[in-house]
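Enquirer: One predicted model, sequence on top.
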Amino acid sequence: MVSRKKNYAACTFPYHNYGCVGLALIVLFLGLPALAGEGVFLLGNDALQLGRASAGVASPRSAYWSYMNPASMVDLDRRFDMNWYSVFGRSEFEPRGLLGNRVNDRLVAEGFTHIVSFGAITPLKSGALGGGVFIPSGSRVEYPYSRNIISRLFQGNQDRRLAYQHIRGVLAYAHEFDSGWAVGLGLHLSLSRFRSDHITLRTLPARYGNKWDSAYGAGLGIGIYRSWDRFSVGANYSSRHWTQSMKKYSDLLNHPLDTPRVAQAGIAYKVRPNVEVALDYKWLNWKRIGTYGSPLFGGGGFGWRDQHSVKVGVEWEAHPRWTFMAGYSFSNTPITDDNVFLAALVPVIVEHHITAGVSHKVNDNHQVHLAAVYVPPNKMRDTGRGDLFSRLGKGSTLKTSGMSCVLGYSYLW
């Protein structure tokens with residue numbers, strides 16, 4: 001895994017067969033959005049990325065880098081990658097205050113999520129072309145009972161469910177200059193889906209009644225990359241991803257479900273020829289997105305703050321056929337202590353991720369990968385000093401944790 005630009009025997013490959021299978025699997029699991037790791041963003045989709053805790057913007061390994069840093073594709077061979085990602089998430093909410101549902105007291109939402117993503121990269125005479133279909137973000141919670149006492153007693157046990165899904169298609173091109181520096185540009189197109197019975201500012205559940213609404217979106221990604229014998233640097237910037245409004249939820253959502261600007265920069269260094277360390281910093285600009293960053297009253301948002309993440313990953317090529325990975329990522333939660341009651345249906349409060357992985361080269365054409373992610377529990381309590389929901393739900397606590405594993409397959413030729 002540490003070495004790059006190897007020559008593989010040429011052979012034909014049935015793009016259309018694998019593409020159809022991948023699309024069918026994604027459609028199959030549309031109803032199962034995932035526990036997010038950075039706001040509503042997942043930590044990643046790819047085993048070779050997640051094994052190092054999503055560090056490696058300067059250390060490309062698979063087609064997922066067409067999204068993560070398109071410039072780095074110049075150091076990858078022709079390949080196809082597919083990943084199956086299974087996530088188990090658990091959220092515990094204890095409503096308190098005048099508004100909290102004290103009839104049931106402690107609400108638990110847990111379950112498995114399955115995600116399929118795939119992509120390919122093709123080197124060109126000048127540069128490289130790549131892309132794929134990825135699931136960068138999503139969130140889901142479904143409690144057995146309402147979080148607020150009004151909905152529990154008088155509104156048919158609503159205000160307990162929310163699901164958001166975001167499927168993104170990426171087409172990217174990278175060009176390497178004579179100086180060794182490379183730049184990459186990616187076009188991002190998306191389909192987002194949303195449903196909820198979330199209570200509105202009128203203390204009524206959303207009119208559309210937890211049925212799916214959908215919207216299309218678009219954005220851009222741009223990256224830079226440079227590698228030397230033992231050292232490499234990289235950076236990627238993803239624009240705000242603009243989406244259509246969820247018109248059927250106009251009573252609940254004042255703004256489209258855009259995703260924010262994201263910047264990630266990092267370095268990678270080979271401390272030994274077969275051992276590489278990657279260190280990344282990532283910024284997510286939630287405050288500029290109306291649905292997430294604006295205050296509830298006067299803006300109709302969740303009151304989120306920006307996120308800052310630090311990621312470190314280690315990769316050890318113990319044998320030409322076996323590579324081991326480990327990583328750690330920390331991201332401050334975008335949710336503040338003044339918005340915990342409001343966040344109960346979007347409980348993205350996890351901050352730490354600990355990961356490990358292994359990759360096996362079966363032969364020159366086939367590789368398999370396995371990575372695991374552990375998310376330690378994080379707990380928050382509402383101060384009662386925030387919006388009206390906070391004041392009426394003072395003392396409510398929210399606790400979230402999770403674990404996941406991803407199985408990957410790569411075909412190189």
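Expert: Structure received.

Enquirer: excluding its backbone neighbours, what's nearest Leu392?
Expert: Leu99 (3.7 Å; CB to CB, 6 or more residues apart in numbering). Bear in mind the C-beta positions are built from the backbone N, C-alpha and C, glycine included.

Enquirer: do the same with Pro377
Expert: In space, Pro377 is closest to Ser401, 3.7 Å off (CB to CB, 6+ apart).

Enquirer: looking at it, the one you found is touching Val350, isn't it?
Expert: Yes. Using CB atoms under 8 Å, Ser401 is in contact with Val350, at 7.0 Å.

Enquirer: Now for these two: what residues contact both?
Expert: Val375, Pro376, Asn378 (CB atoms under 8 Å, 6 or more residues apart in numbering).

Enquirer: Drop anything exposed from those residues.
Expert: Val375, Asn378 (16 or more other CB atoms under 10 Å).

Enquirer: ok, Ser401 and Val350, which is more surrounded?
Expert: Val350 (22 against 19; other CB atoms under 10 Å).

Enquirer: Where does the closest residue to the more buried one other than its chain neighbours sit: helix, strand or coil?
Expert: Excluding its sequence neighbours, the residue lying closest to Val350 (CB to CB, 6+ apart) is Val375, at 4.9 Å. Three-state call for Val375 (DSSP: H, G, I helix; E, B strand; the rest coil): strand.

Enquirer: what residues are up against the residue nearest to Pro144 when sequence neighbours are not counted?
Expert: Using CB to CB, 6+ apart and skipping residues adjacent in sequence, the residue nearest Pro144 is Leu107, 6.7 Å away. Residues near Leu107 by CB under 8 Å, 6+ apart: Glu92, Phe93, Glu94, Pro95, Asn101, Tyr143, Pro144, Tyr145, Arg147, Arg160, Ala344.

Enquirer: how much space between Leu107 and Asn69?
Expert: 40 Å (CB to CB, to the nearest Å).

Enquirer: now do Gly184
Expert: With distances taken as CB to CB, Gly184 is found 7 Å from Asn69.

Enquirer: Overlap in contacts, those two.
Expert: Counting by CB under 8 Å, 6+ apart, the common neighbours of Gly184 and Asn69 are Gly223, Tyr225.

Enquirer: Look at these two and report which has more neighbours.
Expert: Neighbours were counted for Gly184 and for Asn69 using other CB under 10 Å; Asn69 has more, 31 against 27.

Enquirer: my guess is the more buried one contacts Tyr237, does it?
Expert: No. Using CB under 8 Å, Asn69 is not in contact with Tyr237, being 9.7 Å away.

Enquirer: Find the residues that touch each one of the two.
Expert: Shared contacts of Asn69 and Tyr237, counting by CB under 8 Å, 6+ apart, come down to Gly223.

Enquirer: Compute the first-to-last residue distance for stretch 70-88.
Expert: 30 Å (CA to CA, to the nearest Å).

Enquirer: Please identify the buried residues of stretch 70-88?
Expert: Residues of stretch 70-88 classed as buried by neighbour count (16+ other CB under 10 Å): 70-76, 78-85, 87.

Enquirer: and if you look at stretch 246-266?
Expert: Result for stretch 246-266 [16+ other CB under 10 Å]: buried residues 246, 248-249, 252-262, 264-266.

Enquirer: just the helices in the stretch 151-300 of the chain please.
Expert: 290-293, 296-299 (DSSP state H, counting those that start in this stretch).

Enquirer: Show me the one of the ones you listed that comes nearest Val368.
Expert: Nearest to Val368, of all these, is helix 290-293, at 37.2 Å by CB to CB.

Enquirer: pLDDT on that closest one, on average?
Expert: Mean pLDDT, helix 290-293: 95.

Enquirer: Quick one: residues contacting the residue nearest in space to the middle of the chain.
Expert: Against the mean C-alpha coordinate of the chain, by CA atoms, centre = their mean, the closest residue is Leu42 at 1.9 Å. Going by CB under 8 Å, 6+ apart, Leu42 touches Ala34, Ala36, Ile115, Ile135, Pro136, Ser137, Gly138.

Enquirer: shouldn't the last one be in contact with Ala36?
Expert: Yes. With contact defined as CB under 8 Å, Gly138 reaches Ala36; the gap is 6.5 Å.
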